[in-house]
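Engineer: turn this into a model:
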Amino acid sequence: MARWSVLLLIAVPMAAEAHPLTLYYYPEVDANGGYDYFFRLQEDQPMTGNVNWIVFADVGQGMPTDSQALNNVTMLSANPTGFPDPLTTSSGWHAGWTFLNLNPDVPTGGWYPTGLGDHDDWEVHADNLVDEGHLYWSALYGNPADWEHAVLDCSYDANFSMPADRQDGICAGAVKTCENGIPTEPDYTSIPGYEDVESTCDGLDNDCDGLVDEDLVPPDASLTDGVCAGSVSVCAGADGWTDPDYTLLPDFEDVETSCDGLDNDCNGTVDDAQPPEASLQAGVCAGAFQVCGADGFADDYSTITGYEAEETSCDQLDNDCDGEVDENCEIDNYHLDGGCGCDSGTTGSGIGFTALALAFFARRRSR
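Structural biologist: I've put the predicted structure just below:
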């Protein structure tokens, strides 16, 4: 959280029973990254005596233990006149504290309110901001019983500006608003893109915690079948959710080529790769492809119509796909008019063939 200043106000003389004055203050960020503190001292009760000293102090004698100090304090404006600039350090008043005499030209004088409700404003610069509630003041020379918190009040300045607590990510530049005199955190939900719990992948720190796109729950990737099961999208910052690099998955193939019992391209189908051609491409095996089995791609001609591992048929086909047709068909299975035309698929006798041949030649001689 930001840090507020320790301010001690010492007045002479004052009644111990009650403080007749209230110290109001608020800080603003200056152009150089430091802080300008605005103070207002207001009379709330009739009082006697003068206010001689404003004390910006470190934790010291008689002060509350949670006090904190302003660093490198300098005067920016003063009313009434007479503030020294830069501030001076007293040698006899609570060693280590820095004092500011409201009117150094009148040692017994100081500021004297002229009437109930009278107040005065002045401004100082400091390098740091200390916690709200750690700004103290006293009207009785620092009697510990009389230390009081100064009142944070921004309502009397139309140009009030104070950084909001959250300044990371999309909350950068957010400012507090002045509500009933109290600097109040803004409505962060009015900041475009703000998320109380980061849930968007957009390259932004949406919850203003200093982290970008952290702890997001990724949606499923485009491909989740087969070897891609369980894949989720990856946050690519301003580009939003994208698919992961599937090539990093074991066995993934952009175009399935393997016969391994897996859905390698994650399209929901196992081993749908284009198989290679079978080893035999002649005869009835023309255009045959290998078949995917338990041992990968292999030749399997068993489903080809007419295929015979060893040719036995006489059917004018190359049944065993060796490039020869009916190479095992016996000669007496051939018709005399040429070609293979087995009689009912059976082998004839040599006698029958001889008779047919004699009849054939006899007919040619009679012509």
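Engineer: what about Glu277, distance to Asp299?
Structural biologist: For Glu277, the distance to Asp299 (CB to CB, to the nearest Å) stands at 10 Å. All C-beta spots, glycine's among them, are computed from the backbone N, C-alpha and C.
Engineer: cool, Ser233 as well?
Structural biologist: Separation of Ser233 from Asp299 (CB to CB): 43 Å.
Engineer: for Asn267, same thing?
Structural biologist: Using CB to CB, Asn267 is found at 27 Å from Asp299.
Engineer: cool, Ile170 as well?
Structural biologist: With distances taken as CB to CB, Ile170 is found 65 Å from Asp299.
Engineer: more crowded one of these two?
Structural biologist: Between Ile170 and Asp299, counted using other CB atoms under 10 Å, Ile170 has the larger neighbour count: 19 against 15.
Engineer: just say helix, strand or coil for that one.
Structural biologist: helix (DSSP: H, G, I helix; E, B strand; the rest coil).
Engineer: confirm for me that it is in contact with Ile191.
Structural biologist: Yes: using CB atoms under 8 Å, Ile170 makes contact with Ile191 at a distance of 5.8 Å.
Engineer: may I see the buried residues of stretch 216-225?
Structural biologist: Going by neighbour count (16 or more other CB atoms under 10 Å), the buried part of stretch 216-225 is Ala221, Leu223.
Engineer: stretch 273-291 now?
Structural biologist: Ala273, Ala278, Leu280, Gly283, Val284, Cys285, Ala288, Gln290, Val291.
Engineer: spatially nearest residue to the fourth one, not counting backbone neighbours?
Structural biologist: It refers to Gly283. Asp318 (2.6 Å; CB to CB, 6 or more residues apart in numbering).
Engineer: low-confidence regions, the stretch 251-367 of the chain specifically.
Structural biologist: 330-367 (pLDDT under 70).
Engineer: three-state assignment of the closest residue to Gly240 other than its chain neighbours?
Structural biologist: Computed as CB to CB, 6+ apart, the closest residue to Gly240 that is not its neighbour in sequence is Cys201, at 5.5 Å. Put simply, Cys201 is coil when judged by three-state DSSP.
Engineer: for Cys201, what are its contacts?
Structural biologist: Asp213, Leu216, Pro218, Cys235, Ala236, Gly237, Gly240, Trp241 (CB atoms under 8 Å, 6 or more residues apart in numbering).
Engineer: could you check how far it is from Ile170?
Structural biologist: Using CB to CB, Cys201 is found at 14 Å from Ile170.
Engineer: how many neighbours does Leu23 have?
Structural biologist: Close neighbours of Leu23, defined as other CB under 10 Å, add up to 23.
Engineer: all the helices of the stretch 251-367 of the chain, residue numbers only.
Structural biologist: Along the stretch 251-367 of the chain, counting by DSSP state H, counting those that start in this stretch, helices occupy 350-366.
Engineer: touching, Asp30 and Thr74? I think so.
Structural biologist: No: applying CB under 8 Å, one finds Asp30 not in contact with Thr74, separated by 11.3 Å.
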